[in-house]
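> Fold the following for me, if possible:
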Amino acid sequence: MTTAIDMGLSKSGEPALLDLAELLATRLLVQGNSGSGKSHLLRRLLEQSAPLVQQAVIDPEGDFVSLADQFGHVVVDAQCGEAELQRVALRVRQHRVSVVLNLENLEADEQLRAVAAFLGGLFDVDRSLWFPMLIVVDEAQLFAPVMAGEASDEARRLSLGAMTNLMCRGRKRGLAGVIATQRLAKLAKNVAAEASNFLMGRTFLDIDMARAADLLGMDRKQAEMFRDLERGQFVALGPALSKRPLPLRIGPATSVDRGGAPGLMPLPEQAPEEAGKLIFTAGADEVIPLARVPRPAPRPRPPVHETMRQIESYRPAAPEPEPEVPLEPAEREAIMTEILRELMADPEARSRQVAVLYQDFTVRCRMRRLGRSHLSLDEFRRRLAVAKAGASDEIVESQGWQAAVEASLALPDDLHGLFLFIARAALEGAPCPSDAELASVYGSHSPSRARRLIAYIEERGLLVCHVDFRGQRRLALPTLGIETAPGQGTIRTAGMPRGARG
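So this is what the prediction gives:
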C-alpha cells in the first residue's frame, strides 16, 4: 500500500506528494497569516490521509466538524468535562476511531484545559495501544503560547506541557503532531523546534519571515518571497515533502469549510423610515433577552491589621497521602531500577537536565503506585550516573564497581556518569569507547568536548590515557588497577572543560 498522498501541484506542474509514513515519524509545522489557506491545507491533508491513518483534530473554531459527514469522524464536544475527555481519549486509541475535538463553545481558559486533558488521555495509554495516529492542531499558538494571555497561568502550563509531550515524546507512542499557526513568533519554540517538515505560507511581518526563512535554510533576501505568495500557495521542505524548498499550490478540498470568510452581497433595498422601524421596534418572533442580574454589593474590605494577622497565622493544609502498593524493599528497588533504565532507553534523555529527568522519574514512580519517590535529588543524581553507565547487575554488585563509585565522588556531579561508563568498560574488559560514545554519555554531540573531559579527569589523577604503537587507545584507572581493552585511537586535546571545574 502506497503512503504518498497528493497535496496539490508544484511550481513545475508535477504532483506535490507527501510521504505519510515519513510524516508520522518527523511531524509537520504549517505557518501562514490569516487568509493564507492554512485551514484549507489541513483539510486537504485530512481528506487525503483519512483512509490511511487514524486522525484526531483539535478544532478551536468548529471548522472541521464537517469531516464527520463525509469521512465518518466522530465529533467530541469539549463541554463534557476534563475527566470525561480523558476517558474518551482512551477509547479513541483503543477502538482506533477518528475524531474532531470541537472547542468552539468554550472560553479560552477552558479550551486550554480541555486540550491538555484530551492530549494527556491520548498520551497516557498502555503500550499495546500505541497505534499510529495523526494529531492535527489548528491555531496552535493558542495552546502553546510563548507568553501568558487571557487564560490563567495554570491552564497555559497544562496545555503547553501537553503540546510539548505531543511534539517531543509522541513519536514513540504513535502520535504524529501536525501544528498550524498564524505566527511563528507567538508559538513556543520548544514545540515548533521538534517539527522536521515545514509548509510556509503568506506572511508579512519581518520577524515571522526571518524565522520562516531560517527554518527553510533560506537567506534574508529570499525571505521577501513570503509576502508575494497567494492564498493556497506554500513553500515545502522536509523529509516527507522535499529535500529542497519547493513552492506548491494546495489542491481542492471536497468537504464543506465552515470557517470560510463570507463573500460580498448587496444590502437590502428599503427606505430609511422602514429601516428605523426594523431596529427600534420588536419583531413578532424576536427573542426577549434575559434581564441582567444585578451585581452583588462588594464585601467590606477588612482592616489592614486583620489581613496581616491572617497571613501570619496561615498554615497550608497537609497534602493527602497518595495510595501506595505494599511492596518489599527489594521489589521497590527493582521497580525504581527498571524506571531508570526506561528513562535511559530514550535517546533524548541524556541531553535533558537532571531536574527534568527527576520530575519524569517521580511521575513514573507514582504511575507504578509507589507513591512519592523516596529518592532525593542528590540520590537520584547518583543513581542516574549508574544508569548512564549501563552496568549489569553482576558488575554493580562487584567490589570493583563499589570502588569506582567511591572514586567518582572526587569529580563534579556531571562527570560521574562518564567516569562510571569508562569504569564499566574496564571491568568488562571491553574496548576503549570512542569519543563519540563518550560525548553521547555526557549528553553532547561534540567529540572534541569528550576529549577535553578525558583530559580533565586525567589531570585529577583518576584516569590515564595512552595509545599503543598501532594507534589504539586504552583508558586506565590507576586507583582501581584496571584498564579497558585497546579501542579506537584519537588525538588527545589538553585543557579543562568549561563546566567541569572543581
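> Which strands and helices lie in contact with the lengthiest strand in the chain?
Counting by DSSP state E, the longest strand found in the chain is strand 242-250. Other elements packing on strand 242-250 under the criterion 3 or more CB pairs under 8 Å, 6 or more residues apart in numbering; DSSP states H and E are strand 4-10, strand 15-19, helix 38-49, strand 233-238. (Each C-beta comes from the backbone N, C-alpha and C, glycine too.)
> residues making contact with the second one?
What it means is strand 15-19. Outside strand 15-19, the residues within contact range by CB atoms under 8 Å, 6 or more residues apart in numbering are 3-10, 45, 48, 236, 239-241, 246, 248-249.
> Just the buried ones from these?
Buried members of these, counted by 16 or more other CB atoms under 10 Å: 3, 5, 7-8, 10, 45, 48, 236, 240-241, 246, 248-249.
> Check these and tell me the two furthest apart.
Spatial extent of the buried ones among the contacts of strand 15-19 (CB to CB) is set by the pair 3 and 249 at 22.2 Å.
> Only the buried residues of the helix or strand where residue 357 lies, if you could.
Residue 357 belongs to helix 354-367 when assigned by DSSP states H and E. Under the neighbour-count criterion of 16+ other CB under 10 Å, helix 354-367 has 354, 357-358, 360-362, 364-365 buried.
> Same check on stretch 63-73?
63-68, 71, 73.
> Could you look up the next helix or strand downstream of the worst-scoring helix or strand of the chain on mean pLDDT?
Lowest on mean pLDDT, DSSP states H and E among the helices and strands of the chain sits helix 304-313, with a mean of 70. Toward the C-terminus, helix 304-313 is succeeded by helix 329-345 as the next helix or strand (DSSP H and E).
> Out of the buried residues of stretch 63-73, name the two that are farthest from one another.
Largest pairwise distance in the buried residues of stretch 63-73, by CB to CB, is 14.6 Å, between 63 and 71.
> Tally up the residues packed near residue 268, please.
8 (other CB atoms under 10 Å).
> Quick one: residues contacting residue 54.
Residue 54 is in contact with 96-98, 131-134, counting by CB under 8 Å, 6+ apart.
> let's see it at 6 Å
96, 98, 133 (CB atoms under 6 Å, 6 or more residues apart in numbering).
> Run through the bridge partners of it.
residue 133 (DSSP bridges).
> Just the element for the residue nearest the centre of the chain, please.
The centroid of the chain falls nearest to residue 164 when counting by CA atoms, centre = their mean (2.5 Å). Assessed by DSSP H and E, residue 164 sits inside helix 153-169.
> Show me what counts as buried in that helix.
For helix 153-169, burial by neighbour count (16+ other CB under 10 Å) applies to 155-156, 158-160, 162-168.
> Per-residue pLDDT of residue 324, please?
Looking at residue 324, its pLDDT reads 56.
> ugh, wrong one, residue 190
85.
> Please report the distance of the nearest residue to it once chain neighbours are set aside from residue 193.
Of all residues not flanking residue 190 in the chain, residue 164 sits nearest, at 5.9 Å (CB to CB, 6 or more residues apart in numbering). Computed as CB to CB, to the nearest Å, the residue 164 to residue 193 distance reads 10 Å.
> mind listing which of the buried residues of stretch 63-73 are in strands?
Among the buried residues of stretch 63-73, no residue falls in strands (DSSP E).
> Need those in JSON lines (columns: distance to residue 300 and pLDDT).
JSON lines is the format used below for these (distance: CB to CB, whole Å; pLDDT from 0 to 100):
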{"residue": "63", "distance to residue 300": "48", "pLDDT": "86"}
{"residue": "64", "distance to residue 300": "50", "pLDDT": "89"}
{"residue": "65", "distance to residue 300": "49", "pLDDT": "89"}
{"residue": "66", "distance to residue 300": "54", "pLDDT": "87"}
{"residue": "67", "distance to residue 300": "55", "pLDDT": "88"}
{"residue": "68", "distance to residue 300": "53", "pLDDT": "87"}
{"residue": "71", "distance to residue 300": "59", "pLDDT": "88"}
{"residue": "73", "distance to residue 300": "54", "pLDDT": "91"}
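> Tell me the one of these nearest residue 149?
residue 63 (21.0 Å).
> in this protein, which spans are strands?
4-10, 15-19, 28-31, 54-59, 74-77, 99-102, 133-137, 175-181, 197-200, 233-238, 242-250, 464-467, 473-477, 482-483.
> Kindly compare burial across the ones you listed and name the winner.
strand 28-31 (a mean of 27; mean count of other CB atoms under 10 Å).
> Partner strands of it and their direction?
strand 175-181 (parallel), strand 197-200 (parallel).
> For it, what is the distance to the chain centroid?
Offset of strand 28-31 from its chain centre (CA atoms, centre = their mean, to the nearest Å): 14 Å.
> Distance to residue 468 for the buried residues of stretch 63-73 - can I get that in TSV?
TSV is the format used below for those (distance: CB to CB, whole Å):
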residue	distance to residue 468
63	68
64	66
65	71
66	72
67	67
68	70
71	66
73	66
